[in-house]
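1. my questions concern the predicted model and sequence given below.
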Amino acid sequence: MYNKLRFTYYKIRQTLVERNFSKLMHAQIFRNRVATPAEMDLTTIPLQINNNDGGDFYCRELHQNEVKVVAWQKPNTSRKFKAFRNFANGWRCIAVMKGSIIVGDVWFLTYNGKLAKQLHPDLKMLGIHLEDKQAYAFDMLINPSYRGKNLAVMLHKHLHQTLRNEGFKKVYGYYWDDNLPALWMHRMLRFHELPKKRISRVFFFIQSKDRYKEDSASPKNHNSSPEKSAKDEV
Amino acid sequence: MSTKEIIRAFVSEELLHDHNQNKLQDEDQLIENGIIDSLGIMTLLVFLEEKFSIQVSGDDLVPENFSSITAISSLTERYLKK
């Protein structure tokens, strides 16, 4: 509870400092925003040791006892408090680092015989039902100062290899259709796109609808290729 | 300047770190070499839309269409013919 309050405090403070209030509100209140859930078959990835050939940057799994030790650089300091909460939920984290500084991180939860302590609310919103040997990746962030270096792809590849080496078969994720960098990253990584969802949100109240059930009488493009799925988003 | 030359000049100038236009070949792999990443694609799309007055649709936003200067040029010319 204390960590959640601290996280909220830092998030609001950061928003005020950056004068990003409208951005924060945009993330909390919206109507009919289109999301594309996506999945990746991990069995196509060869089993191999995760190598870190990103030059100055390297990826590794971050553990709960390290949260206070590693350096969370501005403006991502609020992530530290989010990390306390996420670890408490039984979720895991892969971080991309430069020395001892975290420059980006992605979170994931797994179903490996048993589920994580707490399911992520996105799963219900996206209609994803995790089964054994499946994982859900979410909430990736790269520090703005380090963007444009392909670190997001590096981070995800490391995550996929980690899951693959642990015997996982599938990983899910999603992106908002209006988030072009995220769309591009999922397509570069060859995610298979699932039927789109229309999401409406007012803070904690989230409503999700299958986009095509409303938009069209014909069930075209369901389980289609990325190219076909994207056709209706424009 | 041809479409291909305009695109090559832009990619060299804006996305290639050392700005050396002569280095960049038409068939060089832009995605595999990390020249077009998730931010690079945004910069490139804005340029294509402004320079050629085209609107690239979502179903064309696939790596195959942006893998090389030749691929981007073919995509652009396809839109210009529409």
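-> Now that the structure is in, tell me what you want to look at.

2. contacts and neighbour counts: CA atoms only from here.
-> OK.

3. tell me the residues of chain B that contact chain A?
-> For chain B, the contact set with chain A under C-alpha under 8 Å from any C-alpha of the partner chain comprises B:34, B:37-42, B:57-63.

4. list only buried entries from these.
-> Buried subset of those (neighbour count, 16 or more other C-alpha atoms under 10 Å in any protein chain shown): B:Gly34, B:Asp37, B:Ser38, B:Leu39, B:Gly40, B:Ile41, B:Gly58, B:Asp59, B:Asp60, B:Leu61, B:Val62, B:Pro63.

5. what about stretch A:32-42, average pLDDT?
-> This predicted structure assigns stretch A:32-42 an average pLDDT of 95.

6. swap in stretch B:35-55?
-> Across stretch B:35-55, the average pLDDT comes to 92.

7. next, the distance between the ends of stretch A:122-135.
-> Stretch A:122-135 stretches 13 Å from its first residue to its last (C-alpha to C-alpha, to the nearest Å).

8. for that stretch, buried residues please.
-> Judged by neighbour count (16+ other C-alpha under 10 Å), stretch A:122-135 contains these buried residues: A:Leu123, A:Met125, A:Leu126, A:Leu130, A:Lys133, A:Gln134, A:Ala135.

9. could you do stretch A:185-203 as well?
-> If you call a residue buried by 16+ other C-alpha under 10 Å, then stretch A:185-203 has these buried ones: A:185-188, A:190-201.

10. repeat for stretch A:169-178
-> A:Lys169, A:Lys170, A:Val171, A:Tyr172, A:Gly173, A:Tyr174, A:Tyr175, A:Trp176, A:Asp177.

11. so is the most centrally placed residue in chain A in a helix, a strand, or just coil?
-> Closest residue to the average C-alpha location of chain A: A:Phe138 at 2.1 Å, with C-alpha atoms, centre = their mean. Here A:Phe138 is recorded as strand under DSSP: H, G, I helix; E, B strand; the rest coil.

12. wait, doesn't A:Lys170 sit right on A:Met40?
-> Yes - counting by C-alpha atoms under 8 Å, A:Lys170 touches A:Met40, with 5.6 Å between them.

13. kindly state the pLDDT recorded for residue 64?
-> All of this is about chain A. Listed pLDDT for A:Gln64 reads 92.

14. wrong chain, I was asking about chain B
-> For B:Glu64, the pLDDT comes out at 95.

15. hmm, back to that, closest to chain B among the buried residues of stretch A:169-178?
-> For the buried residues of stretch A:169-178, the minimum distance to chain B (C-alpha to the nearest C-alpha) is 9.2 Å, reached by A:Asp177.

16. I'd say that closest one and A:Leu183 touch.
-> Yes - if you go by C-alpha under 8 Å, A:Asp177 and A:Leu183 touch, sitting 6.7 Å apart.

17. correct me if wrong: A:His160 contacts A:Leu42.
-> Yes - A:His160 is within contact range of A:Leu42, at 6.8 Å (criterion: C-alpha under 8 Å).

18. shared neighbours, these two?
-> Any residue near both A:His160 and A:Leu42 by C-alpha atoms under 8 Å, 6 or more residues apart in numbering or on different chains counts here, and that gives A:Val171.

19. neighbour count winner among the two?
-> More neighbours surround A:His160 than the other of A:His160 and A:Leu42, with 23 against 19 (other C-alpha atoms under 10 Å in any protein chain shown).

20. please tell me how far that one sits from A:Val106.
-> From A:His160 to A:Val106 the distance is 11 Å (C-alpha to C-alpha).

21. same question, B:Asp26
-> Counting by C-alpha to C-alpha, the separation of B:Asp26 from A:Val106 is 35 Å.

22. likewise for A:Lys133?
-> Distance of A:Lys133 to A:Val106, given as C-alpha to C-alpha: 19 Å.

23. shaky segments in chain A?
-> A:1-4, A:6-7, A:10-11, A:13-21, A:23-24, A:53-54, A:75-76, A:212-234 (pLDDT under 70).

24. where along it do the strands fall?
-> In chain A, the strands defined using DSSP state E lie at A:29-41, A:57-62, A:71-72, A:92-98, A:101-112, A:114-115, A:134-142, A:170-176, A:192-193, A:197-202, A:205-210.

25. mind giving me the packing neighbours of the last one?
-> In other words, strand A:205-210. helix A:121-126, strand A:197-202 (3 or more C-alpha pairs under 8 Å, 6 or more residues apart in numbering or on different chains; DSSP states H and E).

26. now distance to A:Val96 too, for the ones you listed, in CSV please.
-> Formatted as CSV, those follow (distance: least, C-alpha to C-alpha, whole Å):
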stretch, distance to A:Val96
helix A:121-126, 23
strand A:197-202, 30
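
27. return the distance of stretch A:96-107 from the chain's centre.
-> Centre-to-centre, stretch A:96-107 and its host chain are 15 Å apart (C-alpha atoms, centre = their mean, to the nearest Å).

28. correction: stretch A:129-140
-> 10 Å.
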